[in-house]
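In: got a predicted structure here, sequence first:
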There are 2 protein chains.
Amino acid sequence: MANAEARPTLADVAAHAGVSKSLVSLVMRDEPGAGPETRRRVLQAADQLGYHPDSRARLLRSGRSRLLGVVFGIQHAFHLDLVTALYTAARDRGYELALSAVTPDRDEAEATAGMLQDRCEALIMCGPRTPAAELAKLAARLPVIVLARNVRVTDVIRTADDEGLRQAVEYLNGLGHQRIAHIDGGRAPGAADRRRGYREAMAAHSLDTHNRIIEGGLSEEDGAAAARRLLDEGDRPTAITVFNDRSATGVLDVLTRAGLRVPEDISVVGYDDSHLARLAHINLTTIAQDTTEMTRLAVDRAIARIDGSELTNRALIVAPQLIIRGTTAPPAA
Amino acid sequence: MANAEARPTLADVAAHAGVSKSLVSLVMRDEPGAGPETRRRVLQAADQLGYHPDSRARLLRSGRSRLLGVVFGIQHAFHLDLVTALYTAARDRGYELALSAVTPDRDEAEATAGMLQDRCEALIMCGPRTPAAELAKLAARLPVIVLARNVRVTDVIRTADDEGLRQAVEYLNGLGHQRIAHIDGGRAPGAADRRRGYREAMAAHSLDTHNRIIEGGLSEEDGAAAARRLLDEGDRPTAITVFNDRSATGVLDVLTRAGLRVPEDISVVGYDDSHLARLAHINLTTIAQDTTEMTRLAVDRAIARIDGSELTNRALIVAPQLIIRGTTAPPAA
DNA sequence: TTGAAAGCGCTAACAG
DNA sequence: CTGTTAGCGCTTTCAA
């Protein structure tokens, strides 16, 4: 239990096996260049001593870490989906992830600074709120890939959020809805594009007069508060598009408690297709962001930058997809 | 953008400032032993070159990383609360966190192995499902602290889960409830203790005949499914205690959809006091686990082990606390 | 207050 | 196939 005895080193193993350090190094990395008998002896010695290579020394020497830093918000359901997919994407390309969370007590600057210490080869930031100027400074130090936010100063992988809201509005209008409201995301990344998509789609279908944007946010409470305001105001819409699934959950709850049936009395469309939306008891119609594709692109782009490729196309836009579930239906006659 | 130019090193800064590496080293670490003028020159040189110390080399040399590894489930709301609090607790003691997530595509063994590479000085595991024998092996390599699970082979910080359920049952019985059911957590860490606490409390209040344990789990869907079964069976209880808040959310939803009013028709008590429970629109009565205290103890214990203290008391048990919110009331007359 | 030198544990050349 | 020799970038003695 008291693992006080200093950890064995390469040299210890070499001595124990009666070979040179180089051989041990080769064997530990599974590189060719050592005889089978030597290999066996080395592995046995390592096992006996309980040897485990020191990654810091290894990385210091080889100059590479094959480590991608990821900054994400621990409160954001969608970020968690991104992180989940990033692990898979990174592993497929032979990289590891170093996570740094933004929490109520740990802001984005702190989370980012933590990553820079760790000699990550690139930094992937989920929906960062850091000002563009700061991002630019960062990008001068190491490749930075921004996920799910629209900026100009770094590589960006994002969903065509305006298109997403257009799909939602078109679908609802196709069902027969006209009074379609939008509970927005305030100043959150992506919110502006989604608002614009909503407005443009309403205009395209000559529904301008029914335009109704309520200030929301990204949490359940933001959605709930906005829904309450919407109900208070009277002239209830027959359908609501919401900034994200999390906020939509709050909206659904307020509607239900107010005695409204979803979707019979009112339809609701979320955004993200986070795991929340897929839950059987929520079963939310939503606009899916393709996290698999986004994270694959993000990792590929990070690696390309690490490898020093000269790339011009800094923004990669992924198509959203409407996922029809149980919270939408034609308006009551 | 092309940050191809090799990163500046200590030596570069030293040359640029016209001093020795040692001085630069001191200055960069804010250690005493350098003249004010020298200090200024060094800092200026570092700034000009855009120098940032290489933590790998630094740690390699100084032998310490002041890094605590944390393994957690990205799907578990409560783990996210723990991680949030761990960041704060670790920072207070001068340590940093290295996160490794368990995802649907990345099991606990993989998440753990990732941490071992990183030369963390100790490992904190949130509700691990790794068998005790494996945990013991791990603990032979480095100090391991287990949070929120009851095992014998490592240090453990956990809530008195049986006591938590006793509080819930007593409170409900005090309100006048007798038919109190428990939707359990199956094989999840902590589930057995909570079941036992429920049974013992029911017995203590001579409610044995009303004992009713429904198999649940830790997700919303588990709770929803269990609630459906409960409703189908008839002889509805007047109150339900649920394994955790997340599952309770699913329970609430099924009850509401079935036309039952909470708490007028039926009371619900969750567990964890995760942020879910606190949301205005959920407002769930629950048993709080004191994450602040638990993580503080976990970090303290980790550091004590790192420092080689001989400690005997391996299990630290934290008291749970009933948080009364809006999902509980006396049973209908 | 400053500098020179030795090495942390490892990998990468190169010789044998 | 194997061993020797240099360092990676930094901290840490120890002397000046």
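Out: Okay, I see it. Numbers count the residues shown, from 1 in each chain, chains lettered A, B, ... in the order given.
In: gap between the helix or strand harbouring A:Gly270 and the chain center?
Out: Element membership for A:Gly270, per DSSP states H and E: strand A:267-272. Distance, stretch centre to chain centre, for strand A:267-272: 19 Å (Cα atoms, centre = their mean, to the nearest Å).
In: so what are the sheet partners of it and their directions?
Out: Strand A:267-272 pairs in its sheet with strand A:239-242 (parallel), strand A:285-288 (parallel), by DSSP bridges.
In: tell me which helix or strand comes right after the first one.
Out: Translated: strand A:239-242. For strand A:239-242, the following helix or strand on the C-terminal side (DSSP H and E) is helix A:245-257.
In: who are the packing partners of that next one?
Out: Applying 3 or more Cβ pairs under 8 Å, 6 or more residues apart in numbering or on different chains; DSSP states H and E, we find helix A:245-257 packed against helix A:77-92, helix A:220-232, strand A:239-242, strand A:267-272, helix A:275-278. From N, CA and C alone the C-beta is placed, and that goes for glycine too.
In: among the ones you listed, which is nearest DNA strand D?
Out: Relative to DNA strand D, the nearest member of the helices and strands packed on helix A:245-257 by Cβ to the nearest atom of the strand is helix A:77-92, separated by 24.3 Å.
In: just the CA trace of the helix or strand following that closest one, in CSV.
Out: For helix A:77-92, the succeeding helix or strand toward the C-terminus, using DSSP H and E, is strand A:96-102. What follows is strand A:96-102 as a C-alpha-only set of coordinates in CSV (Å, rounded to 0.1, in the frame of the first residue of the first chain):
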residue,chain,number,x,y,z
GLU,A,96,-5.7,11.1,-26.7
LEU,A,97,-7.8,13.7,-25.0
ALA,A,98,-6.9,16.0,-22.2
LEU,A,99,-10.1,17.4,-20.7
SER,A,100,-10.5,20.7,-19.0
ALA,A,101,-14.0,21.7,-17.7
VAL,A,102,-15.6,25.0,-17.3
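In: now do the helix or strand just after strand A:96-102 and strand B:96-102, the angle between them.
Out: As assigned by DSSP H and E, the chain's next helix or strand after strand A:96-102 is helix A:108-117. With axes from the mean of the first three to the mean of the last three Cα atoms, to 10 degrees defining the directions, helix A:108-117 sits at 90 degrees from strand B:96-102.
In: tell me the angle helix A:108-117 makes with helix B:77-92.
Out: Using the same axes, to 10 degrees, the inter-axis angle of helix A:108-117 relative to helix B:77-92 is 70 degrees.
In: helix A:108-117 and DNA strand D in contact?
Out: No - shown here: helix A:108-117 not in contact with DNA strand D (Cβ under 7 Å from any atom of the strand), separated by at least 10.9 Å.
In: buried ones in that helix?
Out: Neighbour counts over helix A:108-117 (16 or more other Cβ atoms under 10 Å in any protein chain shown) mark A:Glu108, A:Ala111, A:Thr112, A:Gly114, A:Met115, A:Leu116, A:Gln117 as buried.
In: for those residues, which one is nearest B:Asp161?
Out: Checking the buried residues of helix A:108-117 against B:Asp161 with Cβ to Cβ, the nearest one is A:Ala111 at 32.2 Å.
In: and the residue in the stretch 101-250 of chain A that DNA strand D sits nearest to, what is it in contact with?
Out: For the stretch 101-250 of chain A, the residue closest to DNA strand D is A:Arg119, as judged by Cβ to the nearest atom of the strand, at 9.4 Å. By Cβ atoms under 8 Å, 6 or more residues apart in numbering or on different chains, the residues touching A:Arg119 are A:Leu59, A:Ser65, A:Leu67, B:Asp54, B:Ser55, B:Arg56.
In: next one: phi and psi at the third one?
Out: Meaning A:Leu67. Note on A:Leu67: backbone dihedrals following degrees, to the nearest 10 are phi -120, psi 130.
In: now swap in A:Glu31 and tell me
Out: Backbone torsions for A:Glu31, taken as degrees, to the nearest 10, come to phi -90, psi 150.
In: nearest to DNA strand C, of the helices and strands packed on helix A:245-257?
Out: When the helices and strands packed on helix A:245-257 are compared by Cβ to the nearest atom of the strand, helix A:77-92 sits nearest DNA strand C, at 19.9 Å.
In: assign A:Leu68 to helix, strand or coil.
Out: Under DSSP: H, G, I helix; E, B strand; the rest coil, the three-state class of A:Leu68 is strand.
In: how about the residues of chain A near DNA strand C?
Out: A:6-7, A:9-11, A:21-22, A:25, A:28-29, A:53-54, A:57-58, A:60-62.
In: report the beta-bridge partners for A:Tyr68.
Out: Small correction: residue A:68 is Leu, not Tyr. Counting by DSSP bridges, A:Leu68 forms beta bridges with A:Leu97, A:Ala122.
In: where in the stretch 51-200 of chain A is pLDDT low?
Out: Scanning the stretch 51-200 of chain A for pLDDT under 70 picks out no residues.
In: most packed of the helices and strands packed on helix A:245-257?
Out: When those are scored by mean count of other Cβ atoms under 10 Å in any protein chain shown, the highest mean neighbour count falls to strand A:239-242 (a mean of 30).
In: so for that one, mean pLDDT?
Out: Averaged across strand A:239-242, the pLDDT comes to 98.
In: now tell me what touches that strand from outside.
Out: By Cβ under 8 Å, 6+ apart, the residues outside strand A:239-242 that reach it are A:165, A:168-169, A:172, A:175, A:177, A:179-183, A:198, A:216, A:223, A:227, A:230, A:248, A:251, A:266-271, A:328, A:331.
In: show me the residue at the heart of chain A, geometrically.
Out: A:Leu82 (3.0 Å; Cα atoms, centre = their mean).
In: tell me the contacts of that residue?
Out: For A:Leu82, the contact set (Cβ under 8 Å, 6+ apart) comprises A:Phe72, A:Cys126, A:Leu147, A:Ala148, A:Thr291, A:Met294, A:Thr295.
In: and the two most separated of those?
Out: A:Phe72 and A:Met294 (13.1 Å).
In: neighbour count for these two, which is higher?
Out: Using other Cβ atoms under 10 Å in any protein chain shown, the more surrounded residue of A:Phe72 and A:Met294 is A:Phe72, with 26 against 22.
In: so the more buried one sits right up against A:Asp81, yeah?
Out: No - counting by Cβ atoms under 8 Å, A:Phe72 stays clear of A:Asp81, with 10.0 Å between them.
In: any chance of the strands paired with strand A:267-272 in TSV, plus distance to DNA strand D?
Out: Output for those, formatted as TSV (distance: least, Cβ to the nearest atom of the strand, whole Å):
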stretch	distance to DNA strand D
strand A:239-242	48
strand A:285-288	44
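In: can you give me the first-to-last residue distance of stretch A:93-112?
Out: 23 Å (Cα to Cα, to the nearest Å).
In: list the contacts of it.
Out: With Cβ under 8 Å, 6+ apart as the test, stretch A:93-112 has contacts from A:66-75, A:83, A:86-87, A:90, A:114-115, A:118, A:120, A:123, A:125, A:128-130, A:134, A:138, A:299-300, A:303, B:83-84, B:87-88, B:91, B:98-101, B:114.
In: mind running it again at 7 Å?
Out: Stretch A:93-112 is contacted from outside by A:66-74, A:83, A:86-87, A:90, A:114-115, A:118, A:120, A:128-130, A:138, A:299, A:303, B:83-84, B:87-88, B:99, B:101, B:114, using Cβ atoms under 7 Å, 6 or more residues apart in numbering or on different chains.
In: quick check: buried residues in it?
Out: By 16+ other Cβ under 10 Å, the buried positions in stretch A:93-112 come out as A:95-103, A:106, A:108, A:111-112.
In: quick one on the thing from earlier: and which of the contacts of A:Arg119 is nearest A:Asp235?
Out: Using Cβ to Cβ, A:Leu67 comes nearest to A:Asp235 of these, at 54.4 Å.
In: and that closest one, how many residues sit next to it?
Out: 20.
In: got the residues of the stretch 51-200 of chain A near chain B?
Out: A:52, A:54-57, A:59-60, A:74, A:80, A:83-84, A:87-88, A:96, A:99, A:101, A:103-106, A:114, A:116-119, A:139-142 (Cβ under 7 Å from any Cβ of the partner chain).
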